[in-house]
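> missing the sequence, but the structure's below:
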């Protein structure tokens, strides 16, 4: 949803801007700044919004130190309120707003960590991420917030996400791709309201259709990892137990048909009562380091591909989530192809689970020394147990 945002100091100015977008918008956000939480001060007598004749509903964005001051009674034209997690008594304000019958969102400033939102999950109807430092229109878009949106959307895919601040036709595509459902647009929409609103709606629709947060039911889980591990080694056992747990919960297992992690995932699938699909290839001559199709990997179905790179590509195309276990150079190659495939080439954002705490250091080095694009880090989820894998995948699945 595109939501026009109004930040004004007088009721007359608010009325003028409401009239400009009333025919095209279903919801209009009114910014309320008290001069304490933000440097600027806006119109504060919000009960007078009742005087405005409009078909659209209002959303109050309370950029104030103490939001509870605004909940003495229900304002009929206001259907939603947004409370900042950084405000005093934020939890109390959420409870009071809910008791009045408002839909409630919790908002986070650009520098606020995602963890601060956790206590509000289950209480609020949506989450808003500020993509500018709040308090005035026309401020610079903070691109680092895109990663936060992506990470939050991965961990809480069923929660509505709203982005607010500095959004134009270019940044709108970025926030939708990162995972935002709603976008609040201020000054950019009022230059030519009807035409601008239509253009933003069209851009949002295109971004949603092309973006990588179009969710579907998760069915197939691909296992990637070293071919050299045997059943006596811990990583083999971890892959087996993970595949078994996923199979017991109705997920299909996909692997490359070889030994090591591939065989472990097939055995785990069978132990959990599921079938295993192998994506294999048979080279014309035996490469020195080719692990081959393992006769001990008793997979149930096979897709034969042309070569190593084609095998990886087809495996990624035939799975919904990828789990990467410890391995050697082949695993590094597969991880890179998986990451690039999700973020750059297909742009579908298939989640990538990295099994093992050691990945924290590796990803941190990538982030420090490589040119990671905005949103790329959010595609990765590091876990240490099979139970964490299952919990994460169930959280991603809209039909779980």
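Arrived safely. Bear in mind that the values here come from a model prediction, so they are computed numbers and not experimental data. Numbering: from 1, shown residues only.

> does the closest residue to residue 3 other than its chain neighbours have beta-bridge partners, and which?
Excluding the flanking residues, the one nearest residue 3 by C-beta to C-beta, 6 or more residues apart in numbering is residue 184, at 4.7 Å. Placement of C-beta: from N, CA and C, glycine included. Taking DSSP bridges as the rule, residue 184 bridges to residue 3, residue 164.

> contacting residues for residue 184?
3, 4, 5, 29, 61, 128, 162, 163, 164, 165, 167 (C-beta atoms under 8 Å, 6 or more residues apart in numbering).

> Specify which member of these is nearest to residue 325.
Distance to residue 325 across the contacts of residue 184 (C-beta to C-beta) is lowest for residue 163, with 34.8 Å.

> Could you count how many residues lie near that closest one?
Neighbourhood size, residue 163 [other C-beta atoms under 10 Å]: 30.

> could I get the contacts of residue 184 as JSON lines with pLDDT?
What follows is the contacts of residue 184, written out as JSON lines (pLDDT from 0 to 100):
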{"residue": "3", "pLDDT": "89"}
{"residue": "4", "pLDDT": "89"}
{"residue": "5", "pLDDT": "89"}
{"residue": "29", "pLDDT": "91"}
{"residue": "61", "pLDDT": "94"}
{"residue": "128", "pLDDT": "94"}
{"residue": "162", "pLDDT": "93"}
{"residue": "163", "pLDDT": "91"}
{"residue": "164", "pLDDT": "90"}
{"residue": "165", "pLDDT": "85"}
{"residue": "167", "pLDDT": "83"}
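
> between those residues, which is nearest residue 292?
Nearest to residue 292, judged by C-beta to C-beta, of those is residue 163 at 48.8 Å.

> Let me see the ranges of the helices in the stretch 301-400 of the chain.
Taking DSSP state H, counting those that start in this stretch, the helices of the stretch 301-400 of the chain run over residues 308-317, 329-340, 359-369, 386-396.

> Residues contacting the third one, please?
Applying C-beta under 8 Å, 6+ apart, the set of residues contacting helix 359-369 from outside is 354, 372, 377, 380, 382.

> Show me the strands in the stretch 201-350 of the chain, by range?
220-224, 252-255, 276-281, 301-305, 321-324 (DSSP state E, counting those that start in this stretch).

> now the contacts of helix 359-369: which count as buried?
Burial by neighbour count, 16 or more other C-beta atoms under 10 Å: within the contacts of helix 359-369 this picks out 354, 377, 380, 382.
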